[in-house]
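[1] return a 3D structure for these sequence lines:
(2 chains)
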Protein chains: 2
Amino acid sequence: MARMIEATKHPYGPSVGRLVDRLAALPGIGRKTAERLAQHLLGCDEDDALGLSDAIRDVRQSVHHCQRCFNLTEGDLCDICRDSRRDQHVVCVVEQAKDLLSLEATGIFGGLYHVLGGRIAPLSGVGPDDLTISQLVTRVRKEGVTEIVMGTNPTLEGDGTALYISNLLANDNVRITRLARGIASGSVLEFANREMLADALRGRQDF
Amino acid sequence: MARMIEATKHPYGPSVGRLVDRLAALPGIGRKTAERLAQHLLGCDEDDALGLSDAIRDVRQSVHHCQRCFNLTEGDLCDICRDSRRDQHVVCVVEQAKDLLSLEATGIFGGLYHVLGGRIAPLSGVGPDDLTISQLVTRVRKEGVTEIVMGTNPTLEGDGTALYISNLLANDNVRITRLARGIASGSVLEFANREMLADALRGRQDF
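    Numbers count the residues shown, from 1 in each chain, chains lettered A, B, ... in the order given. Okay, here's the model as predicted:
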């Protein structure tokens, strides 16, 4: 992402201009919202403003990757890896830590995870070595993993990454599955696209 | 505003929970957006995250009230008070510095401002002494102000504050006006409320 060097001019002075620029660089925050947030941060309790400043600094200092699965955590191992009740032989592979949170929120999956840190994207210059793929292969072989659930995104790059990994593990004695695809629960067929309907037909299940 | 002492539990650890809490306390930011922003701040460049943290700290350190009009500024006097081309004898009184920005954005007003820092609100325990009213009276008498434009909000409390100030200045030789009220430009009569239409009728102007 391009860094803005020169702060936008602001009637209150350059430091407010810089703050508005920084806030407007956050995802989903436009300049008008950024201006409103800056006004709030100028007017609110000193403790609240500095508390937010410190909280941002703190997460960057305290949070790092789990040594085993590369989820985010404040300890050496994340809560999931530390939980001995979880099935240690089933590993769900996801692109980002936030994908893990979404899957975990379903409460359905009782195994462990492996966070790749992205997907193979040649056009953006992201190759297999930029991800935690070799660490995944090591885990599979060392930890006696019996099943890998590919939880990469259902996109060209996500599918390509899953395919790349499954090729690497082709000679290992590990079952490789992927998340089911089809029509989204609660949606209507009329608005489903061709790809979704094709997936739903191919993967049709006994009633 | 109530301060949260115990951070909300977060799978990544308490520091992320604290950050989400802080972000969710910002105006217009719900918990879902706060979670998304926290994810972004965890994943973005270190420089961008710490840059935002520093920018918040900086504005609280650099920005303070203009010694003359109580607008926000980084210097002793704000840009508007320093601008000798502006009419030094007409002062527009507003509740908040952000009201000043809105009026200034019209480019119509060529005088100075006075920021009260709120409005008289007995139910919230805000009295005249909590605002910069005495400083306004001093300015009027010392600087030879000829006109005060009441730019307080058209609410019960805003009107009450304007009335209080105009009573204080009743014996001073200063013209006191207020922003025109009526139907909002671009709106339709059908959706204007009774108050707005009454204002529009009372303040009707020659065509």
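
[2] and the longest helix along chain A, average pLDDT?
    Counting by DSSP state H, the longest helix found in chain A is helix A:46-62. Averaging pLDDT along helix A:46-62 gives 94.

[3] in it, what counts as buried?
    A:48-60, A:62 (16 or more other Cβ atoms under 10 Å in any protein chain shown). C-beta here means a position set from N, CA and C on the backbone, and glycine is covered the same way.

[4] ok now it, how far from the chain's centre?
    From the chain centre to the centre of helix A:46-62 is a distance of 23 Å (Cα atoms, centre = their mean, to the nearest Å).

[5] and the closest residue to residue A:54 other than its chain neighbours, what does it touch?
    Nearest residue to residue A:54, sequence neighbours excluded (Cβ to Cβ, 6 or more residues apart in numbering or on different chains): residue B:53, at 7.5 Å. Shown in contact with residue B:53 (Cβ atoms under 8 Å, 6 or more residues apart in numbering or on different chains): A:53, A:54, A:56, A:57.

[6] hmm, try it at 7 Å
    The neighbours of residue B:53, taking Cβ atoms under 7 Å, 6 or more residues apart in numbering or on different chains as the test, are A:53, A:56, A:57.

[7] can you list the low-confidence ranges for chain A?
    A:1-7 (pLDDT under 70).

[8] can you tell me how far the residue positioned nearest the centre of chain A sits from residue B:171?
    For chain A, residue A:96 is the residue whose C-alpha lies nearest the centre (Cα atoms, centre = their mean; 2.2 Å). Separation of residue A:96 from residue B:171 (Cβ to Cβ, to the nearest Å) stands at 69 Å.

[9] do residue A:119 as well
    Separation of residue A:119 from residue B:171 (Cβ to Cβ): 75 Å.

[10] what do you get for residue A:57?
    55 Å.

[11] with residue A:36 instead?
    40 Å.

[12] how is chain A divided into domains?
    The record assigns chain A these domain ranges, following automatic domain parsing: A:14-62, A:90-202.

[13] which one, of those, ends up nearest to residue B:91?
    Taking Cβ to Cβ, domain A:14-62 is the member of those nearest to residue B:91, at 21.7 Å.

[14] distance between the ends of the closest one?
    Domain A:14-62 has an end-to-end distance of 30 Å (Cα to Cα, to the nearest Å).

[15] do stretch A:70-82 as well
    With Cα to Cα, one end of stretch A:70-82 sits 13 Å from the other.

[16] more neighbours, residue A:119 and residue B:171?
    residue A:119 (22 against 7; other Cβ atoms under 10 Å in any protein chain shown).

[17] ok, that one - contacts?
    Here residue A:119 is in contact with A:95, A:152, A:153, A:157, A:158, A:161 (Cβ under 7 Å, 6+ apart).

[18] equivalent analysis for residue A:151, please.
    Per Cβ under 7 Å, 6+ apart, neighbours of residue A:151: A:92, A:93, A:94, A:99, A:103, A:179.

[19] pick the one among those closest to chain B.
    residue A:99 (10.6 Å; Cβ to the nearest Cβ).

[20] any idea how far the residue nearest to residue A:54 lies from residue A:154?
    For residue B:53, the distance to residue A:154 - Cβ to Cβ - is 36 Å.

[21] I'd say residue A:199 and residue A:184 touch.
    No. The pair residue A:199 / residue A:184 is not scored as a contact, 10.6 Å apart, by Cβ atoms under 7 Å.

[22] higher neighbour count, these two?
    For residue A:199 versus residue A:184, the count of surrounding residues by other Cβ under 10 Å is larger for residue A:199: 17 against 11.

[23] find the residue closest to that one in space, skipping its chain neighbours.
    Per Cβ to Cβ, 6+ apart, closest to residue A:199 is residue A:181, 3.8 Å.

[24] do residue A:27 as well
    residue B:40 (5.3 Å).

[25] now do whichever strand or helix holds that neighbour: which elements does it pack against?
    Residue B:40 is part of helix B:31-43 when elements are defined by DSSP states H and E. Where contact means 3 or more Cβ pairs under 7 Å, 6 or more residues apart in numbering or on different chains; DSSP states H and E, helix B:31-43 is packed against helix A:46-62, helix B:14-24.

[26] so for residue B:128, which of those helices sits nearest?
    Taking the helices and strands packed on helix B:31-43 one by one with Cβ to Cβ, helix A:46-62 is closest: 24.3 Å.

[27] heading C-terminal from the closest one, find the next helix or strand.
    Criterion used, DSSP H and E; the element after helix A:46-62 is strand A:64-65.

[28] what about that next one, distance to the chain center?
    13 Å.

[29] then stretch A:23-39?
    23 Å.

[30] list the buried residues of that stretch.
    A:23, A:24, A:25, A:26, A:29, A:33, A:34, A:35, A:36, A:37, A:38, A:39.

[31] quick one: the strands in chain A?
    A:64-65, A:72-73, A:90-94, A:112-115, A:147-150, A:175-178 (DSSP state E).

[32] looking at those, which is closest to residue B:69?
    Going by Cβ to Cβ, the one of the strands of chain A nearest residue B:69 is strand A:72-73, 47.0 Å.

[33] how about the residues of chain A by chain B?
    Neighbours of chain B within chain A, by Cβ under 7 Å from any Cβ of the partner chain: A:11-13, A:15-16, A:18-19, A:22, A:25-28, A:33, A:36-37, A:39-42, A:46, A:48-53, A:55-60, A:62-63, A:72-74, A:79, A:98, A:101.

[34] how near is the nearest residue to residue A:46 once chain neighbours are set aside to residue A:53?
    Counting by Cβ to Cβ, 6+ apart, residue A:46 lies nearest to residue B:60, which is 6.2 Å off, once chain neighbours are set aside. Relative to residue A:53, residue B:60 is positioned 8 Å away (Cβ to Cβ).
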